[in-house]
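# below: sequence and its predicted model.
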Amino acid sequence: MCVIAALCLIVGIRSYRETDAYGRAFQDPYMINAQPERLREAARLLPEKAITGYLSDLSFADAPGQAAYFGVAYALAPRLVVRSADTPQWVIGNFSHPADFAAAGAAHHLDLVRDLGNGVVIFRRRP
């Protein structure tokens, strides 16, 4: 019985050390902690109670696209951010590369309201 307890203790300590080393090496690979500052102006401009759509050049099928979406949803809370740009009145654009943002919005019947820089864009549905 003591042997089993000792083995469990050794495995637990080893697991803790490996997890701690991994956590120190990869603290925030998707920059989630940077999103509230990056989206501060967007949070100020978007209505708090409105459902906000989401438009990005990153695919949600890949981990970076998922992290980008959830980072925006986290930063814009308490607003509900949905993964669609086709129905909400307001849409947040989150782009990883410079692009023609007006054209990206126009494809979804959106008007460019404001380019906040750093890939953050606010759109509004055309009347």
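Nice, I can see it. Numbering: from 1, shown residues only.

# measure H109 to P88 for me?
11 Å (CB to CB, to the nearest Å). Any C-beta I mention is one placed from the backbone N, CA and C, and that applies to glycine too.

# which residues does F95 contact?
S56, D57, F101, A104, G119, V120, V121 (CB atoms under 8 Å, 6 or more residues apart in numbering).

# circling back to that earlier point, need the overlap of contacts for H109 and P88.
R125.

# what about dumping the CA coordinates of the longest helix belonging to the chain to CSV?
Longest helix in the chain, counting residues (DSSP state H): helix 2-25. The C-alpha trace of helix 2-25 is given here as CSV (Å, rounded to 0.1, in the frame of the first residue of the first chain):
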residue,chain,number,x,y,z
CYS,A,2,2.9,2.4,0.8
VAL,A,3,4.4,1.6,-2.6
ILE,A,4,1.2,2.6,-4.4
ALA,A,5,0.9,5.8,-2.3
ALA,A,6,4.6,6.7,-3.1
LEU,A,7,4.1,6.1,-6.8
CYS,A,8,1.0,8.3,-6.8
LEU,A,9,2.9,11.0,-5.1
ILE,A,10,5.8,10.8,-7.5
VAL,A,11,3.5,10.8,-10.6
GLY,A,12,1.6,13.8,-9.1
ILE,A,13,4.8,15.8,-8.5
ARG,A,14,6.1,15.0,-12.0
SER,A,15,2.8,16.0,-13.6
TYR,A,16,2.8,19.3,-11.7
ARG,A,17,6.3,20.1,-12.8
GLU,A,18,5.6,19.3,-16.5
THR,A,19,2.4,21.4,-16.4
ASP,A,20,4.1,24.3,-14.7
ALA,A,21,7.0,24.2,-17.2
TYR,A,22,4.6,24.2,-20.1
GLY,A,23,2.6,27.1,-18.6
ARG,A,24,5.7,29.2,-18.2
ALA,A,25,6.9,28.5,-21.7
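
# span of stretch 83-94 from start to end?
11 Å (CA to CA, to the nearest Å).
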